[in-house]
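Undergrad: Next one to model:
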Amino acid sequence: MDYPPPGTALVEELDQKLLIQLRDGRKIIGVLRSFDQFANMVLEHAVERIIVGNLYSDIPLGIYLLRGENLVLMGQVDPSREVPPGLRQVTEVEIRTAIRAEKEEARLKGTMRARMDFLDLD
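TA: Okay, here's the model as predicted:
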């Protein structure tokens with residue numbers, strides 16, 4: 001099996017629009033302009049896509065330097081399917097409000113579970 005020389009595996013992705021998932025769960029979309037042997041990348045026209053329920057927002061980042069050790073998953077974006085089906089685009093303010101509401105809901109669920117632990121429902 002032929003493998004590309006070290007440090008050249010991303011050559012085919014240059015000048016392509018990519019979706020990259022980071023270790024912390026963030027999703028970055030941008031055009032790959034440069035990379036090195038450690039998979040550090042420079043993305044142009046980068047945006048962070050935040051999805052909460054059926055809402056999403058693209059937060060502009062501009063030129064973005066991505067450290068290779070934070071990359072988990074990467075793939076090309078199909079221009080005809082760039083907008084996620086079934087999701088509605090909202091502003092940055094609306095998505096931040098939705099994130100806060102989701103966190104508060106999760107905190108309340110945790111509080112209720114902790115209060116119900118004495119029932120031993122398992």
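Undergrad: So Leu87 versus Arg49, what's the distance?
TA: Leu87 sits 10 Å away from Arg49, going by CB to CB, to the nearest Å. Where C-beta positions appear, they are placed from N, C-alpha and C, glycine not excepted.
Undergrad: Now for those two: what residues contact both?
TA: Jointly contacting Leu87 and Arg49 under the rule CB atoms under 8 Å, 6 or more residues apart in numbering are Tyr56.
Undergrad: more neighbours, these two?
TA: Arg49 (19 against 15; other CB atoms under 10 Å).
Undergrad: My guess is that one contacts Gly25. True?
TA: No: Arg49 is not in contact with Gly25 according to CB atoms under 8 Å; the separation is 11.4 Å.
Undergrad: Share the number of residues neighbouring the nearest residue to Pro79 once chain neighbours are set aside, please.
TA: Residue nearest to Pro79 in three dimensions, not counting chain neighbours: Lys17, with 7.2 Å by CB to CB, 6 or more residues apart in numbering. Close neighbours of Lys17, defined as other CB under 10 Å, add up to 17.
Undergrad: and if you look at Leu22?
TA: Using other CB under 10 Å, Leu22 has 15 other residues around it.
Undergrad: for Thr97, same thing?
TA: Thr97, neighbours per other CB under 10 Å, totals 14.
Undergrad: Now do the helix or strand hosting it, average pLDDT.
TA: Taking DSSP states H and E as the definition, Thr97 sits inside helix 92-116. In this model, helix 92-116 has an average pLDDT of 85.
Undergrad: what does stretch 9-20 give?
TA: The average pLDDT for stretch 9-20 rounds to 89.
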